[in-house]
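In: Sequence isn't available, so here's the structure alone:
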């Protein structure tokens, strides 16, 4: 019985490690001024107080970002002063009211869902 229970627990541990989505607490959507303010592998998108994000691999695909976030391609300026199109995790939303001030809710460019992105007029110049 212990062997079966131990085997089952090891399988559950492996599945949790692989996971369908990144679970647990995340800083995606938090304010930032540098990448150091975000998760260890985080990116700080500049504008309107900054937005912590994480890089992802495939816009519109499931299981790319922490729960409550979607992977989307956006042209952003990061805290290292890079302006480029990047695949990043953005907070999910249904309407503008779900986003912080200075951000708007818009459809992801590929797939379904909506994310909070910096409003055009809020980008740092």
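Out: Arrived safely. This is a predicted model, so every value here is computed, not measured.

In: wait, what's in contact with the spatially most central residue of the chain?
Out: Central residue of the chain (C-alpha atoms, centre = their mean): residue 89, 2.5 Å from the mean position. The contact partners of residue 89, by C-beta atoms under 8 Å, 6 or more residues apart in numbering, come to 28, 53, 54, 55, 56, 64, 65, 66, 69, 70, 71. Where you see a C-beta, it was placed from the backbone N, CA and C, and this is true even at glycine.

In: want to throw these into CSV with secondary structure?
Out: What follows is the contacts of residue 89, written out as CSV (DSSP: H, G, I helix; E, B strand; the rest coil):
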residue, secondary structure
28, coil
53, strand
54, strand
55, strand
56, coil
64, coil
65, coil
66, strand
69, strand
70, strand
71, strand
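
In: Between which two of these is the distance greatest?
Out: Spanning the widest gap among those are 55 and 70, at 13.5 Å by C-beta to C-beta.

In: The two: which is more packed in?
Out: The residue with more neighbours, out of residue 55 and residue 70, is residue 70; 24 against 14, by other C-beta atoms under 10 Å.

In: For residue 62, see how far away that one is.
Out: Using C-beta to C-beta, to the nearest Å, residue 70 is found at 9 Å from residue 62.

In: What segments of this protein are helices?
Out: For the chain, the helices defined by DSSP state H occupy 2-18.

In: Low-confidence ranges, it, go.
Out: Counting by pLDDT under 70, the chain shows low-confidence ranges at 1-25, 121-125.

In: let's see 80
Out: Flagging of the chain using pLDDT under 80 yields the residue ranges 1-26, 62, 120-125.
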